[in-house]
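A.B. asks: Got a predicted structure here, sequence first:
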Amino acid sequence: MNALKKLATVVALLFMTINPISMASAHTEIDHTTPSAGDTVDAGVQTVSVVFTDKILDLANSSEIIITDADGNEIENTCVEVKNTSLNVQAFLPNAGDYEVNWRTVAEDGHPIEGKFSFTASGTAEQSDFAACQDLATEGNVVIATPKAMPLGAVEKTVKTETGIVWPFWVAGILVIGVGAFVLVRRKSTKG
Ligand SMILES: [Cu+2]
């Protein structure tokens, strides 16, 4: 392998190591959900949670849980809460049947993450059971209204600007290329 090829390989490997875009595989994962996917719970008021392996970020309008019934209609939920590793919401499951939970939030490393799972409700419910945002609102970080959706790209941009996690990687990358090229040129001129 000639020096130039070797240098190119080293630079490529370094970039793969330090560039956060290629860190997607290191994303925060789901530890568990409540209810568990496929579980059956009672109709009525339920806390629906997604619990992650790492903390999630409590950024304005970046976390959301949308729950739809078997007909695809969005059901009432309130009190979206980001607490440490958990994304929680209180939902009112009006009928027995299948429900789908679509969630999105931002991982601690600033990457937007999203997913969905389904569960089933059985029995009947009384609407009067639904007292908005009571139990969950005991600590801070509570968003009372269902947040407005924010495009994922906008969230990512906000996070990058706020934490400045991206530009140091690029500066480091450019430095590596510069030093590598310098060494290569010097070596060549010493040889020749
Ligand atoms: Cu990530």
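C.D. replies: Noted; the coordinates are in hand.
A.B. asks: Grab the nearest non-local neighbour of L87.
C.D. replies: V50 (4.7 Å; Cβ to Cβ, 6 or more residues apart in numbering). Where C-beta positions appear, they are placed from N, C-alpha and C, glycine not excepted.
A.B. asks: Just say helix, strand or coil for the one you found.
C.D. replies: Under DSSP: H, G, I helix; E, B strand; the rest coil, V50 falls in the strand class.
A.B. asks: Would you confirm that it contacts S86?
C.D. replies: Yes: counting by Cβ atoms under 8 Å, V50 touches S86, with 7.2 Å between them.
A.B. asks: Those two - which one has more neighbours?
C.D. replies: V50 (26 against 17; other Cβ atoms under 10 Å).
A.B. asks: ok, that one - contacts?
C.D. replies: Listed by Cβ atoms under 8 Å, 6 or more residues apart in numbering, the contact partners of V50 are I30, T33, I65, S86, L87, V101, W103, T105, G115.
A.B. asks: Next step: the residues you listed restricted to strands.
C.D. replies: Counted as lying in strands by DSSP state E, out of these, are I30, T33, I65, S86, L87, V101, W103, T105, G115.
A.B. asks: Can I take it that K5 is in a helix?
C.D. replies: Yes: counting by three-state DSSP, K5 falls inside a helix.
A.B. asks: Without its sequence neighbours, what residue ends up closest to the residue in the chain that the ion sits nearest to?
C.D. replies: Using Cβ to the ion, the closest approach of the chain to the ion is made by H111 at 3.4 Å. Distances taken as Cβ to Cβ, 6+ apart place H27 nearest to H111, at 5.9 Å, with adjacent residues excluded.
A.B. asks: hang on, that neighbour packs against E108?
C.D. replies: No: the criterion here is Cβ under 8 Å, and H27 misses it with E108 at 9.9 Å.
A.B. asks: if I look at the residue nearest to S63 when sequence neighbours are not counted, how far off is V183?
C.D. replies: By the measure of Cβ to Cβ, 6+ apart, the closest residue to S63 outside its immediate chain neighbours is T105, 4.2 Å from it. Taking Cβ to Cβ, to the nearest Å as the measure, T105 falls 44 Å from V183.
A.B. asks: In terms of packing, which of those two has more residues around it?
C.D. replies: Neighbours per residue (other Cβ under 10 Å) separate T105 from V183, with T105 holding more: 24 against 12.
A.B. asks: Residues of the protein that sit close to the ion?
C.D. replies: H27, A107, D109, H111 (Cβ under 5 Å from the ion).
A.B. asks: Now compare those and name the two farthest from each other.
C.D. replies: The two members of the residues of the chain next to the ion with the most space between them (Cβ to Cβ) are H27 and D109, at 7.5 Å.
A.B. asks: Compare neighbour counts for these two and give me the winner.
C.D. replies: D109 (18 against 15).
A.B. asks: Would you confirm that that one contacts K55?
C.D. replies: No: applying Cβ under 8 Å, one finds D109 not in contact with K55, separated by 10.0 Å.
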